[in-house]
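J.: Based on what follows, work out the 3D shape:
(one chain, ligands or ions: 1)
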Amino acid sequence: MTPLEDRRAAADRDEGPELLPPGHRVGAWEVVEPIGAGGWSTVYAARPAVPATAGPARVALKVMPTAGLAPRQLHRLVESARREAALGRRAGHPRLIALLDTFTLTAPDRPSLDGALVLVMERATGSLRDLLDAAGRGHRHDGTPDDGAHPREADRDADREDHRARLAEGICEGLAHLHRSGWVHADLKPENVLLAEDGSVKLSDFGLATELTGTHGHMPPMGTLDYLPPERWRAPLGERGVQVRTTADIWALGIVLHELLGSGVPPFPGATPGARGAAVQEYAAGRAPLRLDPAVPPFWRELVADCLAPTHAARAPHTAEALLARIAARPGARTPAAPPRRGRGRTRAAVLAAALCGAGAALCSDTAGHGPLAAPGAVRVFNAERGCQERTDRDPQCSLGLAIDPHRPYTAENVVRTRVWHGDLLTADCQVPDGEPIVDEEDLSSTRWFRVRLPRGSGPSDAWLPAVRTRDRPELPGCPRTAPAR
Ligand SMILES: Nc1ncnc2c1ncn2[C@@H]1O[C@H](COP(=O)(O)OP(=O)(O)OP(=O)(O)O)[C@@H](O)[C@H]1O
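T.: Residues are numbered from 1 along each chain as shown. Below you'll find the model as predicted:
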């Protein structure tokens, strides 16, 4: 059973969070169907709830239910969403799945999903795991011709290798960018290597991604056993978790490339992840040689062997950058890595703006400053600080500020005098998708802001509420680009 089939079966037995039905509205998006499941999440294909001319027509929603979790599990989940959002904010790149928005699901009629964390991501068509599984079943699902277009078997194999080499190069490109940006992915595996519509690679799932301080960072003692480097099996668990360095990703890369460029088998034998882990230890202790799949072509065998050097120190010279240069200069490279047909030239900001512009739907063109305004939308103020949610005394410490200009830093100079509190109902008339990024106390982040009306006689007639300060997502047009607070 696939993880998604498991999830469906559990939901049918009422033993897990229910699945959202097609057509269900989640923020500005409408669910199309579930497409995957992880340990803590269900991933859905979704499209804009209101058809838009701008922005992505297809996204993926990663929905992470929080209901019924023990405090420690909840802490882990929030931590994982925090890591995904932090990386999404700081390290955008065409080889990484773009994170477009994060918010909390309000679904009072579905208690198992009410309060779930939602990540809105660009949507891929499948994963490297799907490709390897399909190849293992004897299908050619990797985009290479399989139907006589190449009469010679040798040509077909060369095409297959060339295609897979380009995937390998894409994975390495993504890793090199992450490492340059000071991050370790820490959970690289075929499930987390997604494939875009144009066939390009997109690394995903940054729930364990760790920002480095100097040469290493700390992460929860988690990960996928088959991809853990030998040193992780003995790593001491400190207060901040276990230590992780970029060479952990290089080890995982070695395992992934071995599966991708050989016949799909892992390099360390064993019937279970534990047994394979024991084989890793034997090898790292020098008691067993590295036995690579003979199906892995010579150039890749050498590269995989370098990635699988037994110690951090021996792996350190083989940085993602250095491996990428070797791959690009590989003998017999028939064509340079093809740039993705779409999207490469778009900045993250543009993708983000386009995506969120989609939420403004038909009136999105209004961001240019023209066109009618939609009917006003109600937004209820949300203060993520639990202590403030209970209070009704409008304690100044629990008040929230509204900005004068959503495109300027959200500091005291940029805040109107009127304050708002958790539960206040405001009227918004338009939104901007690309203002200052705001992170709330639960580390949810968004660059979206709503323009809200202020009471008469209190100074300016409107101000700006960061989208993280409400759980509502009214269908509003984009505000004119230079809309000042009036
Ligand atoms: N942006 C996306 N576009 C298309 N499919 C996706 C996307 N993100 C995830 N998926 C699919 O959903 C599946 C579940 O993803 P998720 O990140 O929730 O968990 P996982 O990485 O498989 O497992 P875990 O994180 O629990 O180890 C993935 O294996 C992938 O097939």
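J.: quick one, strands of the stretch 1-150 of the chain?
T.: If DSSP state E, counting those that start in this stretch is used as the criterion, the strands of the stretch 1-150 of the chain fall at 25-26, 29-37, 42-48, 59-64, 99-104, 117-122, 126-127.
J.: Which residues does the first one contact?
T.: By that I understand strand 25-26. The set of residues that contact strand 25-26 without belonging to it, under Cβ atoms under 8 Å, 6 or more residues apart in numbering, is 20, 31, 44, 46, 49, 61, 63, 105, 118. Every residue, glycine included, has its C-beta placed from N, CA and C.
J.: before we move on, back to that, least confident of the strands of the stretch 1-150 of the chain, on average?
T.: Among the strands of the stretch 1-150 of the chain, strand 99-104 has the lowest mean pLDDT, at a mean of 88.
J.: which element follows the helix or strand that residue 259 is a member of toward the C-terminus?
T.: Of the helices and strands defined by DSSP states H and E, residue 259 is found in helix 246-261. Toward the C-terminal end, the helix or strand that comes next after helix 246-261 (DSSP H and E) is helix 273-284.
J.: Would you mind listing what in the protein touches the ligand?
T.: Taking Cβ under 6 Å from any ligand atom, the part of the chain that reaches the ligand is made up of 35-41, 43, 60, 62, 97, 121, 123-124, 127, 191-192, 194, 204-205, 207.
J.: which among these end up buried?
T.: By neighbour count, with 16 or more other Cβ atoms under 10 Å, the residues of the chain next to the ligand hold 35-38, 40-41, 43, 60, 62, 97, 121, 123-124, 127, 191-192, 194, 204-205, 207 as buried.
J.: Low-confidence ranges, the stretch 51-200 of the chain, go.
T.: Applying pLDDT under 70 to the stretch 51-200 of the chain picks out residues 53-54, 89-91, 137-155.
J.: rerun that using 90 as the cut-off
T.: 51-57, 67-93, 98-103, 106-112, 134-162, 181-182, 197-198 (pLDDT under 90).
J.: all helices for it, in order.
T.: Taking DSSP state H, counting those that start in this stretch to define them, one finds helices in the stretch 51-200 of the chain at 71-90, 128-136, 153-180.
J.: Return the set of buried residues in the last one.
T.: This points to helix 153-180. Neighbour-count burial for helix 153-180, with 16+ other Cβ under 10 Å as criterion, is recorded at 156, 159-161, 163-179.
J.: next one: stretch 435-451
T.: When burial is assessed from 16+ other Cβ under 10 Å, stretch 435-451 yields the following buried residues: 435-440, 442-451.
J.: circling back: okay if I get the strands of the stretch 1-150 of the chain as a markdown table plus distance to residue 250?
T.: Written out in a markdown table, the entries for the strands of the stretch 1-150 of the chain read as follows (distance: least, Cβ to Cβ, whole Å):
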| stretch | distance to residue 250 |
| --- | --- |
| strand 25-26 | 37 |
| strand 29-37 | 26 |
| strand 42-48 | 27 |
| strand 59-64 | 26 |
| strand 99-104 | 24 |
| strand 117-122 | 25 |
| strand 126-127 | 21 |
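J.: just checking, residue 254 touches residue 307?
T.: Yes: when contacts are counted by Cβ atoms under 8 Å, residue 254 is listed as touching residue 307 (2.8 Å).
J.: Please determine how far the closest residue to residue 21 other than its chain neighbours is located from residue 96.
T.: With Cβ to Cβ, 6 or more residues apart in numbering as the criterion, residue 21 has its nearest non-adjacent residue at 7.0 Å, and that residue is residue 31. Here the distance between residue 31 and residue 96 works out to 24 Å (Cβ to Cβ, to the nearest Å).
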